[in-house]
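**Q** give me coordinates for this.
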Amino acid sequence: MKNFILIILVLLSSATVFSQENKNDFGGLKKNAISFTILGTTPVIGLTYERIVSNYVSLEIGVGLPSVGIGAKVFFSKIQEQKMMFNTGLTATYVDFGNGYLLNGNAVVIYLPIGLSYYGLKGFNFGVDVGPGLDTGNEDGTILIPYAGLKLGKRF
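**A** Sure, this is the predicted structure:
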C-alpha cells in the first residue's frame with residue numbers, strides 16, 4: 001500500500017514539475033475553481049478546489065462526506081473556454097465510513113477518470129467522467145470497481 005501511495009505522489013509531483021516551464025497566462029482563462037462534486041475526488045458528495053497549472057494539466061484537492069482526495073487531469077487539447085475538452089487523469093481518495101449500518105470501515109480508492117470538461121465564459125465549470133477504480137477497503141482484498149464523477153462549479 002505504501003508503494004501505491006508513493007507512485008501516486010510521484011505522478012502528481014511530475015505534473016507539477018512539468019507545469020513550472022509554462023510562464024504564460026493561459027490566454028486569460030481563470031485558473032482556479034471551486035466545485036460541488038458527486039463521487040469523483042470526494043465520494044459521496046463534497047467540494048473541490050482545482051487549479052490549472054499548464055495548458056494541458058490541472059490539479060485538484062477535495063473534501064467530502066466522508067472523504068478527502070487529490071487528483072490530476074491531463075487534457076488532450078489545450079485548455080480553453082467554451083470548448084468541450086476530453087481528459088484523463090489519476091485520483092486517489094481516502095474514505096472513512098466509520099461503523100455505519102450499510103457501509104463501514106475505510107478505504108483508499110484509486111480512480112482513472114476518463115471524461116469531458118467544459119469551462120464557460122463567465123466562470124461556469126462542468127465536468128463528468130467515468131472509469132475503473134481500485135477499492136482497497138473490501139474484505140476480500142483490493143477489487144476493481146466501476147466509478148464516476150460529476151462536477152459543477154465556478155472558476156475565478
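**Q** contacts only, for Thr37.
**A** Listed by Cβ atoms under 8 Å, 6 or more residues apart in numbering, the contact set of Thr37 reads Ile45, Gly46, Leu47, Thr48, Gly62, Gly64, Gly149, Leu150, Lys151. C-beta coordinates here come from the backbone N, C-alpha and C atoms, glycine included.
**Q** same check on Gly149?
**A** Contact analysis of Gly149 by Cβ under 8 Å, 6+ apart lists 37-41, 91, 111, 113, 115, 127-130.
**Q** also Leu39?
**A** Tyr147, Ala148, Gly149, Leu150.
**Q** A helix includes the first one, no?
**A** No: Tyr147: not assigned to a helix; according to DSSP: H, G, I helix; E, B strand; the rest coil it is strand.
**Q** what's the spacing between the nearest residue to it once chain neighbours are set aside and Ser58?
**A** Distance criterion Cβ to Cβ, 6 or more residues apart in numbering; nearest residue to Tyr147, sequence neighbours excluded, is Gly133 at 3.6 Å. Per Cβ to Cβ, to the nearest Å, Gly133 is found 20 Å from Ser58.
**Q** comparing those two, which residue is more hemmed in?
**A** Of the pair Gly133 and Ser58, Ser58 is the one with more neighbours under other Cβ atoms under 10 Å, namely 24 against 20.
**Q** give me the beta-bridge partners of that one?
**A** Counting by DSSP bridges, Ser58 is bridged to Ile52, Lys73.
**Q** pretty sure it contacts Thr91?
**A** No: using Cβ atoms under 8 Å, Ser58 is not in contact with Thr91; the gap is 11.9 Å.
**Q** name only those of the contacts of Leu39 that count as buried.
**A** If you count burial by 16 or more other Cβ atoms under 10 Å, the buried members of the contacts of Leu39 come out as Tyr147, Gly149, Leu150.
**Q** check contacts around the last one.
**A** In other words, Leu150. By Cβ under 8 Å, 6+ apart, Leu150 lies in contact with Thr37, Ile38, Leu39, Gly40, Gly127, Val128.
**Q** give me the element it is part of.
**A** Per DSSP states H and E: Leu150 is located in strand 143-155.
**Q** let me see the ranges of the helices in the chain.
**A** Assigned by DSSP state H, the chain shows helices spanning 2-19.
**Q** please save the CA atoms from the strand holding Leu150 in PDB.
**A** Below are the C-alpha coordinates for strand 143-155, written out as PDB (Å, rounded to 0.1, in the frame of the first residue of the first chain):
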ATOM      1  CA  ILE A 143     -11.100  -5.100  -6.100                       C
ATOM      2  CA  LEU A 144     -11.700  -3.400  -9.400                       C
ATOM      3  CA  ILE A 145     -14.900  -1.300  -9.400                       C
ATOM      4  CA  PRO A 146     -16.700   1.000 -11.800                       C
ATOM      5  CA  TYR A 147     -16.500   4.600 -10.800                       C
ATOM      6  CA  ALA A 148     -17.700   8.000 -12.000                       C
ATOM      7  CA  GLY A 149     -17.700  11.700 -11.100                       C
ATOM      8  CA  LEU A 150     -19.800  14.800 -11.700                       C
ATOM      9  CA  LYS A 151     -18.600  18.400 -11.000                       C
ATOM     10  CA  LEU A 152     -20.400  21.800 -11.200                       C
ATOM     11  CA  GLY A 153     -18.600  24.900 -10.100                       C
ATOM     12  CA  LYS A 154     -17.300  28.400 -10.600                       C
ATOM     13  CA  ARG A 155     -13.900  29.500 -11.900                       C
END
